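Colleague: Give me a 3D structure for the following:
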Amino acid sequence: MSSHRLRAYIYLILTAAIWGAAGPIIKYTLSGIDPLPFLTYRFTIAAIFSLGFFLLKIKRGKKFRKLRANFPIAVFYGLLAVPIALGILFFGLDNSTVLDLTLIGIIGPLMVTAGGSIFFRDRITRREKAGISIVLLGVLLNSFSPLFRSGSDVRLTGNILLLLFLSADSGSILVAKKAVQKKIVSANLTNLAFIVGAVTLIPIALLAYGLSDLINIITTLPLKYHLGVWYMALLSGNLAYFLYVRGQRSIEVSEAVLFNYLQPLFMVPLAIFWLHESLSTSFVLGGIIIAVGLVIAESKKRRYNT
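Modeller: Numbers count the residues shown, from 1 in each chain. Next comes the predicted model:
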């Protein structure tokens, strides 16, 4: 194994751990602050650090030639990855559960695999297509199970938003791969994305809440919720996005997203033992179906890549 590939694996494992804890942390923090102020606060913090990053680079004589030459695709990535994808995620998770996010999130890597086939000509076998279809069945079973329970309309809405989040997030991953292929430095791409997120969300939050109310929401927030916001801003934000984009620079898109399957190892225990969420019948049944689909979809891929 080459040193570049090994480094990519380490980056992606660290990212999986950080993002695996992110779902429970978001859900916990949303009990103290609404999604829009949460997002605005988070990306204001991230944008301040990102501006410092760019100012430091400019002071050292950095010209950002590749970033300027491909500025539209970098801004598009920022819009898709931050205010659109994460905005949908926060509102979806506010109305759903972390366990539902765990199962629904499994479809994300498969969406990227399908996108990689379309835009990067990655090979998808019939076996993988069959596995993807089975996984999709398990995801839909769990996502729409609230239809069969009384009083579960809010959770159904949340699950639909989570599916939309995965579509936007998968699209942002493919755009990031294209940007990296154009030699945009991963740190430049991710830091610009957080600035784009802040510039987009701050005006929306000001219109929705007003300056004085928005400041009051943030300044009166208990410390435990501040810690959740800062975790999302710096660890799940600046650090994890940098590691993810840097990690997929040396390996295929379809291989990089496989590391997302590690996230439930961190997410599920936190959801059960910290947030006290319970396993439903639809979750267990959906999980079994998804596991079968993943085995079918990925076993052929592993043999193909060896």
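
Colleague: shaky segments in the stretch 51-200 of the chain?
Modeller: Judged against pLDDT under 70, the low-scoring parts of the stretch 51-200 of the chain cover residues 109, 113, 115-125, 128-129, 132, 139-154.

Colleague: Count the residues that sit near residue 281.
Modeller: Here the count is done by other C-beta atoms under 10 Å, and residue 281 has 8 residues near it. Any C-beta I mention is one placed from the backbone N, CA and C, and that applies to glycine too.

Colleague: Could you do residue 231 as well?
Modeller: Burial of residue 231, expressed as a neighbour count using other C-beta under 10 Å, amounts to 18.

Colleague: The one 10 residues further on now?
Modeller: Using other C-beta under 10 Å, residue 241 is surrounded by 25 other residues.

Colleague: for the one 3 residues further on, same thing?
Modeller: Burial measure for residue 244: 25 neighbouring residues, criterion other C-beta under 10 Å.

Colleague: Contact partners for it?
Modeller: Residues counted as contacts of residue 244 (C-beta atoms under 8 Å, 6 or more residues apart in numbering) are 11-12, 15, 176, 256.

Colleague: quick check, nearest of these to residue 76?
Modeller: residue 176 (10.3 Å; C-beta to C-beta).

Colleague: Quick one: residues contacting the closest one.
Modeller: Neighbour list for residue 176: 77, 81, 189, 244-245, 248 [criterion: C-beta under 8 Å, 6+ apart].

Colleague: Would you map the helices across the stretch 201-306 of the chain?
Modeller: Shown for the stretch 201-306 of the chain, the helices assigned by DSSP state H, counting those that start in this stretch span residues 211-219, 223-230, 240-247, 253-256, 263-273, 281-305.

Colleague: Let me see the contact set for residue 64.
Modeller: Under the contact definition (C-beta under 8 Å, 6+ apart), the residues listed for residue 64 are 54, 57, 188.

Colleague: do that again at 7 Å, thanks
Modeller: The neighbourhood of residue 64, defined by C-beta atoms under 7 Å, 6 or more residues apart in numbering, consists of residue 188.

Colleague: Phi and psi next, for it.
Modeller: According to degrees, to the nearest 10, the main-chain angles of residue 64 amount to phi 50, psi 40.

Colleague: The longest helix along the chain relative to helix 240-247, how many degrees between them?
Modeller: Secondary structure assigned by DSSP state H gives helix 153-181 as the longest helix of the chain. In terms of direction (axes from the mean of the first three to the mean of the last three C-alpha atoms, to 10 degrees), helix 153-181 departs from helix 240-247 by 50 degrees.

Colleague: Residue 137 - how many residues pack around it?
Modeller: Residues contacting residue 137 under the criterion other C-beta under 10 Å number 14.

Colleague: what's the answer for residue 262, then?
Modeller: By other C-beta under 10 Å, 16 other residues sit near residue 262.

Colleague: Spatially nearest residue to it, not counting backbone neighbours?
Modeller: What sits nearest to residue 262 in space, not counting adjacent residues and going by C-beta to C-beta, 6 or more residues apart in numbering, is residue 16, at 3.8 Å.

Colleague: where's residue 104 relative to residue 81, distance?
Modeller: Taking C-beta to C-beta, to the nearest Å as the criterion, residue 104 is separated from residue 81 by 18 Å.

Colleague: Can I get the contacts of residue 176 in JSON lines including distance to residue 195?
Modeller: Supplementary listing: those in JSON lines, determined by distance: C-beta to C-beta, whole Å:
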{"residue": "77", "distance to residue 195": "12"}
{"residue": "81", "distance to residue 195": "12"}
{"residue": "189", "distance to residue 195": "11"}
{"residue": "244", "distance to residue 195": "18"}
{"residue": "245", "distance to residue 195": "15"}
{"residue": "248", "distance to residue 195": "22"}
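
Colleague: Nothing else from me, thank you.
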